[in-house]
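Chemist: Generate coordinates for the sequence data below:
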Amino acid sequence: MAHATHATDEGIKTPQTTIEPVKTQERIDMLDILRGFAIFGILVVNIAGMAGPVWLPGYTSPVLPWYDEVAETLVNFLALGKFYVIFSFLFGLGFSIQMARADEKGKDLRSFYPRRLWVLFALGLIHSTFFFIGDILRHYALLGFLLMVFRKRRDKTLLVWSGVFMVIGFITLGLMGGPLALGTSGGDLPPEMAGILPMARDLYANGNFFQVALFQVGASLFSFVIVFMTQGGTVMAMFLLGLLAGRRQFFQRLKEHQQTLKTLFLWGLVLGVSLNAAFILFAEIPWLSTFFWTLGAPVLGGAYIAGLCLLRLSASKAKWVTPLGNVGRMALTNYLIHSLIGALFFNGYGLGYYEQVGAAGLWGITILIFLAQIPFSAWWLSRFRFGPMEWLWRSLTYRRRQPFKRNQLAPESLKVI
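Modeler: Have a look, this model is predicted:
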């Protein structure tokens, strides 16, 4: 979820030797659009884990009505694995931007970036304990330290290691039983784990906030290990590709790459659809489905990126994607809002719809939430410089309270005298 950060608005100057968040006018709006789009796709996948125990050991999917089967297949085909790939790519790209800015200022990235990662990890711990066990922030934070090791490596080295991490991801996911077996054990569980599923069902349906949080302390640790094993390799591979794209300033020069984008979109769509169709077709054969999914998810994710870039470059079609930019500018806040809404809607201490909504209904809820986030994000950013969680993250990272309201002047310590 990490991305190029905001900063002071026009008219507020900072010393050239100070590392500050990226200024509003310096942002690359295409990256915000991609983050906004990815936020939607991540909710499409995550909401199933909020609405029921589908990721817990021992869960077996019941026989579904045809419309829920179709809706679930669409999630697996269009969304599963595609959007965390995009976010991972953007994380690496944002890292590259921050590193370039630090170099321009003559600062060492290591003077502030580790603190940024530890703050992200702490937010992930809070998130996974109190709201959603499927949190990804902790993984991004820890793998971000490994990303720092590659910051000065050659482009060829980044490509080679990206391939190595993809292979690692394929092997670990295959050993876990494939993409559609995450968190399940086919009912054959050791005695100490056999009671987790009924306990979870009772707590999420009837427990209070603190009882659910206590359960999620252990459940989120289990989820952390599973997600790290199944997604860690791919996340790291995308980090490195994002770092490489940032070095090449690909998104700063989109018009120059328009033909390349058309080629990537066409072939990404053809190959991505084919590979993901094979993944669905061979879902019962773990290693084969893992192979097609490992290749298909990033390829189709790449087609999504190229397609959105082409829309943004079109004078007549850009209006359809630019509203996503506001959602992406406060991606961390919107990601956490998803979990807050999910907890209040599905858990027993809220509206109590746990295990009461099928896959088709979850699509509807997802679309409604996202459609609400578009105007909400625009409204918020018309009044404030950052989303609330972005502001907190930046203030803790730079150990200085960042200006929050749009009409708020920078502190005297940030002005040039």
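
Chemist: So which residues make contact with stretch 160-169?
Modeler: For stretch 160-169, the external contacting residues (C-beta atoms under 8 Å, 6 or more residues apart in numbering) are 150, 153, 230-238, 240-241, 244, 294, 298. No exception for glycine: its C-beta is placed from N, CA and C like everyone else's.

Chemist: min pLDDT across those, which one?
Modeler: Ranked by pLDDT, the contacts of stretch 160-169 bottom out at T230 (90).

Chemist: pretty sure P298 belongs to a helix, no?
Modeler: Yes: under DSSP: H, G, I helix; E, B strand; the rest coil, P298 sits within a helix.

Chemist: in terms of contact, does it touch S88 like I think?
Modeler: No: using C-beta atoms under 8 Å as the test, P298 is too far from S88 to be in contact (9.2 Å).

Chemist: Tell me which of these two has more neighbours.
Modeler: S88 (29 against 25; other C-beta atoms under 10 Å).

Chemist: Please verify my assumption that that one contacts T234.
Modeler: Yes: using C-beta under 8 Å, S88 makes contact with T234 at a distance of 7.2 Å.

Chemist: give me the number of residues near Q373?
Modeler: The number of residues packed around Q373, counting by other C-beta under 10 Å, is 24.

Chemist: mean confidence for the stretch of helix or strand it belongs to?
Modeler: Under the criterion DSSP states H and E, the helix or strand holding Q373 is helix 359-381. For helix 359-381, mean pLDDT rounds to 97.

Chemist: which secondary structure elements does that helix contact?
Modeler: helix 29-51, helix 66-74, helix 324-329, helix 331-346 (3 or more C-beta pairs under 8 Å, 6 or more residues apart in numbering; DSSP states H and E).

Chemist: right, so of the ones you listed, which gets closest to R406?
Modeler: If you check each of those against R406 by C-beta to C-beta, helix 324-329 wins as the nearest, at 13.1 Å.

Chemist: Give me the helices and strands touching that closest one, please.
Modeler: helix 29-51, helix 359-381.

Chemist: Repeat the analysis, applying 10 Å as the threshold.
Modeler: Counting contacts by 3 or more C-beta pairs under 10 Å, 6 or more residues apart in numbering; DSSP states H and E, helix 324-329 packs against helix 29-51, helix 286-313, helix 331-346, helix 359-381.

Chemist: quick revisit: could you say which one of the helices and strands packed on helix 359-381 comes nearest to L254?
Modeler: helix 29-51 (6.3 Å).

Chemist: pLDDT wise, what is the residue nearest to G177 when sequence neighbours are not counted at?
Modeler: The shortest distance from G177 to any non-neighbouring residue, by C-beta to C-beta, 6 or more residues apart in numbering, is to P286 (5.2 Å). For P286, the pLDDT comes out at 90.

Chemist: any residues in contact with both of S88 and T234?
Modeler: Shared contacts of S88 and T234, defined by C-beta atoms under 10 Å, 6 or more residues apart in numbering, comprise P298.

Chemist: buried stuff in stretch 309-326?
Modeler: Residues 309-312, 321-322, 324-326 are the ones in stretch 309-326 that count as buried (16 or more other C-beta atoms under 10 Å).

Chemist: distance between it and the chain's centre?
Modeler: 21 Å (C-alpha atoms, centre = their mean, to the nearest Å).

Chemist: any shared contact partners between P298 and S88?
Modeler: What both P298 and S88 touch, as defined by C-beta under 10 Å, 6+ apart, is the set 234, 237-238, 241.

Chemist: out of those residues, which one sits closest to R394?
Modeler: Checking the shared contacts of P298 and S88 one by one against R394 (C-beta to C-beta), the nearest turns out to be M238, at 23.5 Å.

Chemist: I'd assumed F89 was in contact with that closest one.
Modeler: Yes: using C-beta atoms under 10 Å, M238 is in contact with F89, at 4.5 Å.

Chemist: out of the helices and strands packed on helix 359-381, which comes closest to R110?
Modeler: Nearest of those (C-beta to C-beta): helix 331-346, 22.5 Å.

Chemist: quick one: average confidence on that closest one?
Modeler: Mean predicted confidence for helix 331-346 is 97.

Chemist: so how far is that helix off the chain centroid?
Modeler: With C-alpha atoms, centre = their mean, you get 13 Å for helix 331-346.

Chemist: So what angle separates the directions of it and helix 359-381?
Modeler: Per axes from the mean of the first three to the mean of the last three C-alpha atoms, to 10 degrees, the angle that helix 331-346 makes with helix 359-381 is 130 degrees.
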